[in-house]
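[1] Whatever this is, show me its structure:
(chains A and B)
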Number of protein chains: 2
Amino acid sequence: MATPKVEFRAWMAEVQTRVERSLERALPAAGQPPKRLHEAMRYAVLGGGKRVRPLLAFAAGEFTRAAPERLDAVACALEFLHGYSLVHDDLPCMDNDVLRRGKPTVHVEFDEATALLAGDSLQSLAFEALASSRLADDPAVQVEMLHRFAVASGTRGMAGGQAIDLAAVGKPLTVPELEYMHILKTGALIRAAVVLGARCGEPLGALEFDRLDRYAKCVGLAFQVVDDVLDAEAPTATLGKTAGKDAAQGKPTYVSALGLGRARELARQLRGDAHAALEGFGARAERLGDLADFIVTREF
Amino acid sequence: MATPKVEFRAWMAEVQTRVERSLERALPAAGQPPKRLHEAMRYAVLGGGKRVRPLLAFAAGEFTRAAPERLDAVACALEFLHGYSLVHDDLPCMDNDVLRRGKPTVHVEFDEATALLAGDSLQSLAFEALASSRLADDPAVQVEMLHRFAVASGTRGMAGGQAIDLAAVGKPLTVPELEYMHILKTGALIRAAVVLGARCGEPLGALEFDRLDRYAKCVGLAFQVVDDVLDAEAPTATLGKTAGKDAAQGKPTYVSALGLGRARELARQLRGDAHAALEGFGARAERLGDLADFIVTREF
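    Below is the predicted model of the structure:
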């Protein structure tokens, strides 16, 4: 019989395959004009990435017994938004990066104007995915989901975090400042992944919701700490993006702020906090727990 | 007693003032971090522009007796999306323009990275505005409104039109090709303005809806034709943006495709078509008719 770990890996692979298919379907066809723009959007989104945010949405959806078709839409929205942020962050006026997921970045493969428009269009498409079909029994809940997603995208979320990140280049940040930046830059969308996935299913009590949200906060931060550790440790070939880049650009990271050992210790601690938030939830929170483990122990 | 024209101008000024206040409130405060990003967003949106899309939404809202508070939210969404498109279109990798609404463009006044993020954040904020409060009696209608807005923003709308525009530089387009580009680039959002404004109020019959949509298509196209005429005729000081730029950049325009006389004639014809679409609607469509006149006869 398969150990739980093997069973979890199989679930993960299944969700990843399912998400890839949904993305493929939800993206405009490459042959449809404006072709170059559509090609760039598909290039940015398809065939790469761990799909961590969709995995979190599916795990949270299992928790509330959500219909998988609804989770497909949420997964697409999350990956479109995440994909847009990568395309724009890689642009010359931002991080100026040439390698992403082991391939040339969009502005290198296409051109800057196309990369700009592809990112813009992926953001629109993310909202379109969330508004194309019924995602909650009560449409008012769906409006709330769209609102939460918009907030997680904007200056109180992802874009705000990126602005703080840009302003921080070359400046030492304190650990609380660093944490604040990451809570916005990656944390907001990871929390949205968990909350939106859960909202597709049965209604949650306020207490359950708070604990799920606490889990999401811990996982979001752990994800970033591990990212910093991997950036400092792993070779470029394994990462699929330029390794050691943050340090080279003088960007504050958990490793530069805490050192490698304490950064690893923090990741372990956040993993423990994530599990604590799920305590007593039983089998239906198992995937969420497994995902916390995966996020902290991943090697790429 | 005031003539209708004077009365219409007063209504327009009132809506414009009201919209400015709503935008002011809905934008993040400049003093709130990330400050530079918030300043750039406010710079991009406040204190300029004719607010044509909000005016259309308010006029359509009068047609369906919509609550003004709902129209405020729609107006903000429209101006945030429009503002984002201007900021990104002006970037060096796109139209590379330095003047907009009589002021330096955002990337000139701030920097490219901030302009990129400000545009990105304005797009998120547009969706946030549409999802922050109840905009229709039936929340399912609001989800539909969000869907329509997302489609109007993406590759089947504004961003798609911009991609076609970029690809067309230096190539002569036929009038149907030019029309197709503008239907996407500016037409989609103008149609969304009318439809979203109307959707905030009493439900429309299918026939009424189709005629309102036809009105919006004519007005959207007329707006662009007049833009091209003004770009060819008016001095930079009047326009508040670089005049004659389209021709200088080898961009196809209605003036380059038809000549000035026939472009003016087309605008007049579209104005007639817009009025025809409203026929029999009576007094509650008066603002929409007046706006069609304003859009065609404007001088800036």
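[2] what residues are up against residue A:229?
    Residues near residue A:229 by C-beta atoms under 8 Å, 6 or more residues apart in numbering or on different chains: A:254, A:255, A:260, A:263, A:264, A:267. All C-beta spots, glycine's among them, are computed from the backbone N, C-alpha and C.
[3] now swap in residue A:192 and tell me
    Per C-beta under 8 Å, 6+ apart, neighbours of residue A:192: A:78, A:148, A:149, A:152, A:157.
[4] ok, which of the residues you listed also contact chain B?
    Among these, proximity to chain B is found for A:149, A:157 (C-beta under 8 Å from any C-beta of the partner chain).
[5] Please list the members of the contacts of residue A:192 that lie in helices.
    Under the assignment DSSP state H, those contribute A:78, A:148, A:149, A:152 to helices.
[6] Tell me the one of the contacts of residue A:192 nearest residue A:17?
    residue A:78 (16.4 Å; C-beta to C-beta).
[7] residue closest to the middle of chain A?
    residue A:53 (4.2 Å; C-alpha atoms, centre = their mean).
[8] any idea how far that residue is from chain B?
    16 Å (C-beta to the nearest C-beta, to the nearest Å).
[9] For that residue, give its distance to residue A:84.
    Noted for residue A:53: a distance of 13 Å to residue A:84, by C-beta to C-beta, to the nearest Å.
[10] what do you get for residue A:294?
    For residue A:294, the distance to residue A:84 equals 25 Å [C-beta to C-beta].
[11] Would you mind listing the buried residues in the longest helix anywhere in chain A?
    In chain A, assigned by DSSP H, the helix with the most residues is helix A:206-233. Across helix A:206-233, burial judged by 16 or more other C-beta atoms under 10 Å in any protein chain shown covers A:211-232.
[12] Same drill for residue A:294 and residue A:84, tell me which one is more crowded.
    Set residue A:294 next to residue A:84 and count neighbours by other C-beta atoms under 10 Å in any protein chain shown: residue A:84 wins out with 26 against 19.
[13] The residue nearest to that one when sequence neighbours are not counted: what secondary structure?
    Using C-beta to C-beta, 6 or more residues apart in numbering or on different chains and skipping the chain neighbours, the partner closest in space to residue A:84 is residue A:122 (3.7 Å). Here residue A:122 is helix, with the state taken from DSSP: H, G, I helix; E, B strand; the rest coil.
[14] which stretches of chain A aren't confidently modelled?
    Chain A contains residues with pLDDT under 70 at A:1-4, A:235-243, A:300.
[15] quick one: the strands in it?
    With DSSP state E, the ranges of strands along chain A come out as A:99-100, A:103-104.
[16] quick one: contacts of stretch A:107-118?
    Against stretch A:107-118 from outside (C-beta under 8 Å, 6+ apart): A:36-37, A:39-41, A:43-44, A:84, A:87-88, A:90-92, A:98, A:103, A:105-106, B:88, B:91, B:93-94, B:116, B:159, B:162-163, B:166.
[17] Near chain B, which residues of the stretch 151-300 of chain A are found?
    A:151, A:153-157, A:159-160, A:162-164, A:166-167.
[18] how about a cut-off of 10 Å?
    With C-beta under 10 Å from any C-beta of the partner chain as the criterion, the stretch 151-300 of chain A meets chain B at residues A:151-167, A:180-181, A:184.
[19] Appreciated, that's everything.
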